[in-house]
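Peer 1: Structural data only, the sequence is not supplied:
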Ligand SMILES: NC(=O)C1=CN([C@@H]2O[C@H](COP(=O)(O)OP(=O)(O)OC[C@H]3O[C@@H](n4cnc5c(N)ncnc54)[C@H](O)[C@@H]3O)[C@@H](O)[C@H]2O)C=CC1
Ligand SMILES: Nc1nc(O)c(N)c(N[C@@H]2O[C@H](COP(=O)(O)O)[C@@H](O)[C@H]2O)n1
């Protein structure tokens, strides 16, 4: 499987403010680029923190979905949530019928929540005891023909993917604002590394909207 992490940060590396509300950091050209990345992916993944904060839909634009259909792909990529305790609300946009949704949960997820989420039509995949075991969960997705996975955040999930050595590429749009705040989410949160830092190789730097797009490859 090929895993691309894409996110937008402020100049000081924040994904959002301390209120954890969605902030439009990208401009129109960057949102178009994100749409293209989604269109070229088999699935788009976020963590439950992002679902609860943003209620994302993770679909592609109308014209993009027509192009996907013309080449024989589903109208939209599948959607994936890392959701250890099955906290995704049953009325969340991510479990509507626009696209296939996979909910990755752990064995600690309450059975009544799993049942409720299955009733939305989502496929629930159990991997890990207390927290989603990402290597196992991504193998399960691969067995469902998901080869190109795009991850949009948030910071906890992105850190765990790096920690597990599962990221191939990282693209970051750095927008023209400072958010600040020690409690505000950053690109990679979690425990943080003290050694064995992921080693990135810079592939390109591009001015886009009023910011800059950095593309990195993760060295094996
Ligand atoms: N600017 C941007 O590009 C983006 C910004 N965001 C922002 O990020 C914030 C949400 O980020 P976070 O709170 O960090 O939440 P997150 O979206 O990274 O979800 C983290 C949660 O996922 C669950 N999870 C299950 N298995 C896990 C594992 N193995 N490793 C890590 N987490 C696992 C845990 O419950 C954990 O608390 C929101 O404020 C949202 O607006 C989110 C996506 C993109
Ligand atoms: N690329 C990017 N730039 C920003 O400025 C952002 N705030 C985000 N947020 C991500 O986009 C998701 C929303 O997706 P839908 O529009 O609902 O499909 C959100 O949940 C974040 O993952 N991304």
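Peer 2: Sure thing, it's come through. Just so we're clear, the structure is a prediction, and the values are computed from it rather than from any experiment. Numbers count the residues shown, from 1 in each chain. Ligands and ions are numbered 1, 2, ... in the order given.

Peer 1: Going along the chain, name the strands of the protein.
Peer 2: Here the chain has its strands, by DSSP state E, at 2-9, 43-47, 78-82, 101-105, 123-126, 148-153, 169-174, 200-208, 211-218.

Peer 1: Output those in CSV, with mean neighbour count and distance to residue 58 appended to each entry.
Peer 2: (Glycine included, C-beta is placed from N, CA and C.) Below are the strands of the chain laid out as CSV (neighbours: other Cβ atoms under 10 Å; distance: least, Cβ to Cβ, whole Å):
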stretch, mean neighbour count, distance to residue 58
strand 2-9, 21, 12
strand 43-47, 26, 5
strand 78-82, 26, 5
strand 101-105, 25, 9
strand 123-126, 18, 15
strand 148-153, 23, 7
strand 169-174, 20, 17
strand 200-208, 11, 21
strand 211-218, 18, 20
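
Peer 1: does residue 30 really touch residue 210, like I thought?
Peer 2: No: using Cβ atoms under 8 Å as the test, residue 30 is too far from residue 210 to be in contact (9.7 Å).

Peer 1: and the two? which has more neighbours close in?
Peer 2: Between residue 30 and residue 210, residue 30 has the larger neighbour count (other Cβ atoms under 10 Å), namely 20 against 11.

Peer 1: and stretch 133-153 with ligand 1, contact?
Peer 2: Yes: Stretch 133-153 reaches ligand 1 (Cβ under 6 Å from any ligand atom) through 134, 152, 153.

Peer 1: next one: stretch 40-54
Peer 2: Yes: for stretch 40-54 and ligand 1, the contact criterion (Cβ under 6 Å from any ligand atom) is met by 46, 47, 48, 49, 50, 53, 54.

Peer 1: Could you do stretch 105-124 as well?
Peer 2: No: Stretch 105-124 lies out of reach of ligand 1 by Cβ under 6 Å from any ligand atom, never closer than 7.1 Å.

Peer 1: what about that stretch, average pLDDT?
Peer 2: Averaging pLDDT along stretch 105-124 yields 98.

Peer 1: Can you give me the buried ones in that stretch?
Peer 2: Going by neighbour count (16 or more other Cβ atoms under 10 Å), the buried part of stretch 105-124 is 105, 106, 109, 113, 114, 116, 117, 120, 122, 124.

Peer 1: With stretch 7-21 instead?
Peer 2: In stretch 7-21, the ones that count as buried by 16+ other Cβ under 10 Å are 7, 8, 9, 10, 13, 14, 15, 16, 17, 20.

Peer 1: contacting residues for the residue lying closest to the second one once chain neighbours are set aside?
Peer 2: In this case it means residue 8. Distances taken as Cβ to Cβ, 6 or more residues apart in numbering place residue 25 nearest to residue 8, at 3.9 Å, with adjacent residues excluded. By Cβ atoms under 8 Å, 6 or more residues apart in numbering, the contact set of residue 25 is 8, 9, 10, 15, 173, 175, 177, 211.

Peer 1: Tell me the bridge partners for the last one.
Peer 2: Read it as residue 211. Assessed by DSSP bridges, residue 211 has beta-bridge partners residue 208.
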